[in-house]
Structures are given as C-alpha cells and as structure tokens.
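Student: with the sequence up front, the predicted model follows.
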Amino acid sequence: MRRQWLKNPKLGIKLVHIDPYYNASAQFLPGKWFAPRPTTSPALAMAIAYVWIKEGLYDKEYVASHTVGFDTWKAYLLGEEDGIPKTPEWQEAETGVPAKDVRALAREWGRKRVYLAPGGWGNGHGGACRNQTGIQWARTMVCLIAMQGLGKPGVNMGNLQWGSPLDFNFYFPGYADGGMSGDLENTSMPVELYQRMPQLPTMNTPFQKIPRLSMPEAIIDGKAEGYPWIGKSIEHQFAKFSYPAPGHAPVKMLYKYGGSMIATMNNTHRHVKMYQSPNLEFVVNQSIWFEGEAKFADVILPACTNFERPDISEWAGLGGYGHHGQQQLNHRVIIFQAPAIAPMGESKSDYWIFNEISKRLGLANYFSEGVNEIDWVKRLFDASDLPERISWKEFIRKGYYVVPAEKEKLRAPVSFRWFWENRKKDVPEPQPLPSDYAGEYLKGLQTQSGKLEFECNSLKRFKDPERPPIVKYEPSWEGPHSGALFRKYPLQLLTPHSKYSYHTQGDGKDSFLLNIEDHRVNVGGWYYLVLRLNAEDAKALGVKKHDLVKVYNDRGAVICAALPTQRLPRGVCHGYESSAIYAPMGEPGKSVDRGGVLNLLTPHKTQTKTTHATAGANSLVQVERWDGKTEYISEAFAESKERGLPSGLRLEDRVPAQ
Amino acid sequence: MKKWNMIIDVAECTNCNLCTLAAMDEYVGNDFPGYAAPMPKHGHKWINILQKERGQVPMMDIAYVPTMCNHCDNAPCIKAAKNGAIAKRDDGIVLIDPEKAKGQKHLVEACPYGHIWWNEELQIPQAWPFDAHLLDQGWDKTRGDQSCPTGAMKTVKLEDEEMARLAREQGFEVMKAELGAKPRVYYKNLWRYSTCFIGGSVSAKLDGAVDCVEGASVRLSKDGKMVAETTTDNYGDFKFDKLAEGSGRYSVEITAKGRAKKVLTAELGASINLGEIQL
C-alpha cells in the first residue's frame, strides 16, 4: 500500500502494467495494461530493446562506460545471428500484444526517466520468474535497465515494495538466523546470534541431500540428482550432487512438519505416490492442522498454534533467509507472543514435543539446556538490542516494541547511485562478498568485469546450452509452441501465490477466509477454489460464473468454481496455488481433487538442466464444465508396476569400493 | 449534536478484505448484549464488498465497493419492526435489539440494501452495528476503518450540517438516494462503479507498419449533440468516462491529420472498449 503515493496527481507519474493477469497493482494504480501470454515476456522486452537500438532511444554513453558485451546482444536483437530481427511485429506473434503498443511503450520509455518494477513480493507473487522462461526474463530485465542507465537519478529497478527507512542497526534475529537450533552450518547463526546467545552447537553429520523438486523420485526410484542453490558464489550452482550420497543409507523415514508440500510443490501427485511407496517405511507428521498430506502419516503429533505457546519474533523478520524483509512494512515491530489459551485437545507446543522425543533418546538436557520455553524467549530477548530500549517486564506487559525509524542522516543512499557515479559501494548489503570483486573491493558489481554484462563472462566460462552468454528468447517447453501437447491442453494456467493466504497458512481450516468470494466460493455446501477464465473463453466453453469446472492435464484434475473475467486475455486462466485442502474424491491419484490443489497440475521439470529453478507458475491445461464424475488417473499412477528399490539391492551394495 | 457517518472512497478500495475479516473477528463467536448477538461463522456478510469490472481486456478497470448497514435516518426497517425492535440512537447509529427482534424474519426483506441478515440458529435478524460497543468505549473509528490500509474506509463524527456540506463539496453519493432512506454511509468516487466508459485505441498504417496515433481528435456525441471531446495519448488511447449505464447509442468521431475521418457507434449497456480503430 505504500505505493499509494504513485497516484498523487501532483507527481504526474504514468504507470504501465505488464502482466498476463490484471493484477492487484493494476487495479489499484490506474495505468496502461499490457497482457502478454504467460512465459513470453522476454520477447516483449527484447522488442523494446530493438526499438531503442533502431531509434537511438537508449543511453549510449552509459552502455559504453558501465557495461560490456552490448554489441554481441545488439547483433542478436537485430537478427544478425539467427536471421530474425526481434521487432515489435516478431514479438506480437509470441505475446499477443500488438506491435504498435510495444513500439509506443519503447518510445515513451526511451524518452523519460523510468523506474522498472519487475515482479513483486508477498501475496500474489510467483509469476514471471517462476515459469519456464523465468531465467530469460530476469536477464532481459537487467539488460533493459542497463540500456537506460541503472543508478542514474530517476532510473532504477526494484518493485517499490521495499525501502522504508528502518533502523537496521538495531539487532533482532530473523527467522533463519538460527534461534535455539545451535545449527552453525545451515543457519546464519555464526554471523551474530551465536555471539549474543551462545548455546550448545548441534551438528547434522550426514551430508546427504535430496533435490527438493525430485523428492518423490528419490524415494520411489531410490535415486535422484540435481544442482544446489548456495549463495556463497555463483560457481557453487554447478556442484551437482546425487542421492544417495556415497556411504549413506537410503531414506526410509520422513518426519514432516505440516501438510503443505502437496499444496505448494510441483506436480504433487508424485508426492501422493511417494507417501504410498513401501520405500518410505515410516512417516511422522507434526502438524497443527489435519490437512494436506497429514492424512498420509503413520504417526501424527498434534502441535498447537502460536496462540497457545510463548514465543518472540519480528514481523517480516526474514534474517538468515532474506535480507531486510522488514522493509516491506512501515515499521520494525517485535512482538511477544503471549499464549492466549492453553494448548487445545491433545496438542502440545513444538518445543514440548521435541523435548519429549529428546528425553527418550537421552538427549533432553542437550536439547533444552535445562530451561523451558519462556526461558528461551527471555534468552533471545536478552541477546537482542531490546534490553537497551525496554525492560523484560515492560515488554511482556505491553506485548510489542516498535523500533524507532532511522535518523534521516543515517538512511542508506539510493541503490546503484554509487555505481553510476563510479564511486565505491555505499549501501548496506551482504553481497557481493569480498571474493566476488574482480578489481578493487567495493568498486563495481559482482561480475567478472565489475560492470553490467550483456555478454556474461561467467557463462562464457561454463558452457551451458540452455543459458547462452547473451540472453536469447527460447519459447517455453510447455506453452503455445508445444505442438500436440498444446493442441490437447490449449489453455495456459497461471498459478501465483495466493492473495489471501501465505502458502497454506490461512487457507482452509474452516477459517474466515472461506467467506471471501474472490478466494473460495460455496457451491452446494463445499468451498471450491476460484478459477479465473477469460470471459470469451468461458462463453465458448459454456461456463458461467460459479459453475463447477474441471481443470486438468495429464498430471492432475481439480474441481474449481469458475469466474469469467476481463482480467485475462484469451487462452489464459488463473488460480492461486497453496490450497490447504487436499480432497481427492476417490482414491488419491486416481480421482479428481475438489480441494483446489492446482499444484497437482504444474510441471516439476527445472527451468534448465543445470539449475534447480522451479517452472511451476505456468502449465498447459484444459477446462470444461464438470459432469460430476470423479474418475481420473494421474500419469504418476498410470504405471501398473510398483516402483521401488531394484530387488536384491542391499545397503552394502551402495558403499563404494575402498 | 455530532453524529457518526462512514465515508468510503471507491477509488482506494483494493478488495483486500481486511475490513470484512475485522468484522468477522469482532462479531463471530462474540456476544455484545444490547448491541449485537454473535455473527454466524459463515453465510453473513455484515460488510459486503461489491465489485464491478468495467470494459474489456486490455482496456478495463475494476471498482470495489464495501457496503454495510447504512444506519439510515429514515430507516425502512425501523418502520417495519414490531415492538420497537430497531431503534435509532441520538448519535445516528441504528441498532437491532437482539432480544426484541427475535422471530422477525420479515425485517430481512424490509431493508432495500440487503443488509439485514437472518441468523437461523438464533432466529434473529442482524446487521452491522457500526461497532457501537467499541465507539461507546471511546474508540473514534470502527474496526474496518482501523484495518483499512488505504484510507478507503473512514469513520467521521460530525454535525449533520457539516456532513452535508462535506458531501456537497466533495461530491459524495449515497446508495439508492431515490428511496429517501437517508443513509449515513457516503461514497466518494462511486462513478467508478455506477457509470460507464467508452474507450478505444486509434492506429494507422505508416510506412508499412501499424502505429498508435497520438493527438487524434475524438468527439463523443449523442442524438446529434456533442457530449465530450478529447485527444488520444501516445498509445492512441481515448476514454470517455462517467456516462450513464444503459444510456443507449453514442457516436464516436475520430479525426487525425492526413487521415480520413472515422465514425463509429457504441451502445451502452455497460462499458465498452471499442478496441483497435485503424484509420
């Protein structure tokens, strides 16, 4: 909502929204709407760059002084490489956006100082970067802003969602900073929290990892391989790893908190199959809610909500995972979560559960360090900078502390302004690390040349055919170019994050959210998830508002309540993912789901073979009025043979010979 | 005496639903004797957000309009109620007495705004009570106002004359004014919901390519008389807004330098995006 100032007529700021879906920002901030087909935005962006080149509407001086490799990309755009000039007419065939409009946008943009806001955080996000061409899109966004002079006054990029002047010198740990875990290897505890709140270190000795998107294959097939995301350096992304790891036993047990994987991961009939596999011998589910995959567990340990146990935390404090997440808010607010009621039914706090397990392993003293939950809350309070500002008694009495805003003279300077002005970096960010500087520390960007690179030196070093040194447009492998698949499933389904819930947190559970018609609709006593369809497409399908429809492909079939709308172009439909309700109407995997788990339909193939980037936000589907039939077989269940470890293979067989 | 009013700015509502959730949080499972019995968990929308999509992809907009009991000064429900079950306070707030109103299902139909809800379990009619129990404790705003992130929902306590003056100066409207119920909920920018637009995008072929035509003159006429005039922007776009819904046939005349004039007709109905108009 902080973007409200953009509407101030005195500022005369014009807005252009580019999104297949007329999103919440477009609704709130009136402007021109471009609706490219999902996954085609890189083509639209390249056509803009083409016009800039042809009409001299970019900052040539900046490109010469602050970038490298422009001539190579320019040649590609002009068609000198593949004989296809990336004109506005060329992109129209891809995106459906008229050439004239792209030309007009390029001209308007090239003549003004423009802030580029690609993507968004929080509710409703998960779009352009998370589909099959996400990597291309991200790269072209940087290319565009590089052509206009990133860091010049009035020329910058971000999404206008972060940036409130908060005081980050005030220390309070974020949710991945380690807490009481003692984990020095997999959290950012060593950076600060371990000094302030010394605790018994814990160490997970196995180094075996499973690529997240391939978890079902790892269990069912007994093997998987993938690439990690490790933020230490870009070279880490090429460290391929395999499961099982040498010398390690295969996974036989899953201890899972919550029921969200089926809702939030990709192509999740695979996860249904995984839970049924004899290779996964034992599943424990520690969960507040009996939803999602909790139903597949062998043992359920009911956990209470955070309203039933004491805790301490900061709103949007993502430290250890994301940098300065609090900047999405107007203030830093640290709260004491006082238990409002005692744990209901048989549920217990997570801490109690883990301590009881530790007791039975003879490790309780090491886990708890002999103190209870409220003691740990106080230890964290003491470790933070709170005691300098407020007493413990006052903090628990009041329930919160609002950190005063940063003094104006101490506010961080504008992003990238230092880069444009050829000075040393003067904004507080953890990256790039000293080792990422090719030249003098703090001078230049974290590229090999220290400049913006149209032709990436790093990719010249690592030959990856799916990520050429210059960004090229390669149509989505699941889209209008998919031939027979596209003829079978002619609608592109967008599945961004939910507007009204964060992951599965707020959805389902017979909560108030069921009453929001934009989220779920009550048809005949069941709350169906809303599926948005272009109004003309709906008419052609004979679908009216709130009709029950089946949206399906080879992976899954979901029953939703239809909402014909003008918010989408033809050929595109839209539904929020993260349904907390998983409700197969017959056997799981062999029936339709009416909970609304759209992630049963999404692809799990990574964006490229050498990354673990998800491409789940866009899938090909068909939609039809639901005839009430519940039979459906997912391709994950189509094989008649049960797949497990090849018979006769023993653990000893896996240990490499000395 | 100062009295309570609500001011809703339709241009600032995003359908975030924090106001509806705040109402659910306040009233579901909570009893406020003398003010309101608990709201049922599902089925009632004491704050109900209407929505309207205007136009067609890609020229469109969407208006969201939070509605609630209007706490009318000339309330039809008060007239229809038996045993004084509904009463208006001196400060403008109208309350349904949960005891006296028992069994009076006919009151649901008595409200022309659809904002009396029947509680089947308790057998009473219910409406949004303006959070009177909170205001009486010293709150200066409703929970919906407090939750609203954009200022689209505001509580004001003013003398009736002052409120009338404000409404006049800022062009506020009330719902179904013609009924004479005299609502105390005022709407700013309601035209976003209740009126129509006629828009389009002018283009022309130049040197083999089709381009947007900027600066073309567009004239909107009805029954031979000019209604409005504008020029196209750099996307060739034009938009005539605040036209009455269902007002019939209009003519759109487009003139651009060096091009033949083009005339189209548009029939309202609802908002129309004429799409690309190539000269």
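Tutor: Received it, and whenever you're ready, just let me know what you need.
Student: any idea how many residues pack against residue 212?
Tutor: This is for chain A. Neighbours of A:Arg212 under the rule other CB atoms under 10 Å in any protein chain shown: 17. Glycine gets a C-beta too; all of them are placed from N, C-alpha and C.
Student: nope, chain B
Tutor: B:Cys212 has 23 neighbours, counted by other CB under 10 Å.
Student: return the residues of chain A in contact with chain B.
Tutor: A:1, A:4, A:22, A:24, A:27-28, A:30, A:32-35, A:89, A:98-101, A:103-105, A:107-108, A:500, A:510, A:512-516, A:518, A:522, A:534-535, A:565-569 (CB under 8 Å from any CB of the partner chain).
Student: helices and strands of chain A: which one has the lowest mean pLDDT?
Tutor: For chain A, using mean pLDDT, DSSP states H and E, the weakest element among its helices and strands is helix A:651-654, scoring a mean of 36.
Student: verify the stated contact: A:Tyr437 with A:Thr447.
Tutor: No. Assessed by CB atoms under 8 Å, A:Tyr437 is found out of contact with A:Thr447, at 9.9 Å.
Student: could you find the closest non-adjacent residue to the residue of the stretch 201-350 of chain A found nearest chain B?
Tutor: Using CB to the nearest CB, the single residue of the stretch 201-350 of chain A nearest to chain B is A:Asn330, 9.9 Å away. The shortest distance from A:Asn330 to any non-neighbouring residue, by CB to CB, 6 or more residues apart in numbering or on different chains, is to A:Ser164 (5.7 Å).
Student: my guess is that neighbour is in a strand, correct?
Tutor: No. Assessed with DSSP: H, G, I helix; E, B strand; the rest coil, A:Ser164 is coil; it does not lie in a strand.
Student: wait, it sits on A:Leu329?
Tutor: Yes. Between A:Ser164 and A:Leu329 there is a contact at 6.7 Å, judged by CB under 8 Å.
Student: close enough to count as contact, A:Ser579 and A:Val597?
Tutor: Yes. Between A:Ser579 and A:Val597 there is a contact under CB under 8 Å: 4.7 Å.
Student: those two: who's more crowded?
Tutor: A:Ser579 (31 against 28).
Student: tell me which element the nearest residue to A:Ala128 once chain neighbours are set aside is part of?
Tutor: In space, and not counting its chain neighbours, A:Ala128 is closest to A:Trp137: 4.9 Å by CB to CB, 6+ apart. In the assignment (DSSP states H and E), A:Trp137 maps to helix A:134-148.
Student: same thing with B:Asp241?
Tutor: According to DSSP H and E, B:Asp241 maps onto strand B:237-244.
Student: that strand pairs with which strands, and in what direction?
Tutor: Note on strand B:237-244: by DSSP bridges, its sheet partners are strand B:195-206 (antiparallel).
Student: related to what we said a few turns ago, for the strand holding B:Asp241, give the mean pLDDT please.
Tutor: Across strand B:237-244, pLDDT averages out at 98.
Student: for it, buried residues please.
Tutor: When burial is assessed from 16 or more other CB atoms under 10 Å in any protein chain shown, strand B:237-244 yields the following buried residues: B:Asp237, B:Phe238, B:Lys239, B:Phe240, B:Leu243.
Student: what's the answer for stretch A:154-172, then?
Tutor: Along stretch A:154-172, these residues count as buried under the neighbour rule (16+ other CB under 10 Å): A:155-157, A:159-164, A:166, A:168, A:170, A:172.
Student: so what's B:Cys19 closest to, chain neighbours aside?
Tutor: Using CB to CB, 6+ apart, the nearest residue to B:Cys19 is B:Gly144, at 3.5 Å.
Student: now the host helix or strand of A:Glu108 against helix A:134-148, angle please.
Tutor: In the assignment (DSSP H and E), A:Glu108 maps to helix A:99-110. Angle, helix A:99-110 to helix A:134-148, by axes from the mean of the first three to the mean of the last three CA atoms, to 10 degrees: 50 degrees.
Student: so after helix A:99-110, what's the next helix or strand?
Tutor: Taking DSSP H and E, what comes next after helix A:99-110 is strand A:115-116.
Student: hang on, A:Ile335 packs against A:Gly317?
Tutor: No. Using CB under 8 Å, A:Ile335 makes no contact with A:Gly317, being 10.1 Å away.
Student: more neighbours, those two?
Tutor: Each of A:Ile335 and A:Gly317 has its neighbours counted (other CB under 10 Å); A:Gly317 has more, 22 against 16.
Student: ok and the residue in the stretch 151-279 of chain B nearest chain A?
Tutor: B:Cys212 (4.4 Å).
Student: grab the nearest non-local neighbour of that residue.
Tutor: B:Gly236 (3.6 Å).
Student: coming back round to it: including pLDDT, could the buried residues of stretch A:154-172 go into TSV?
Tutor: Converted to TSV, those look like this (pLDDT from 0 to 100):
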residue	pLDDT
A:Val155	97
A:Asn156	95
A:Met157	93
A:Asn159	79
A:Leu160	80
A:Gln161	79
A:Trp162	79
A:Gly163	79
A:Ser164	86
A:Leu166	93
A:Phe168	93
A:Phe170	96
A:Phe172	98
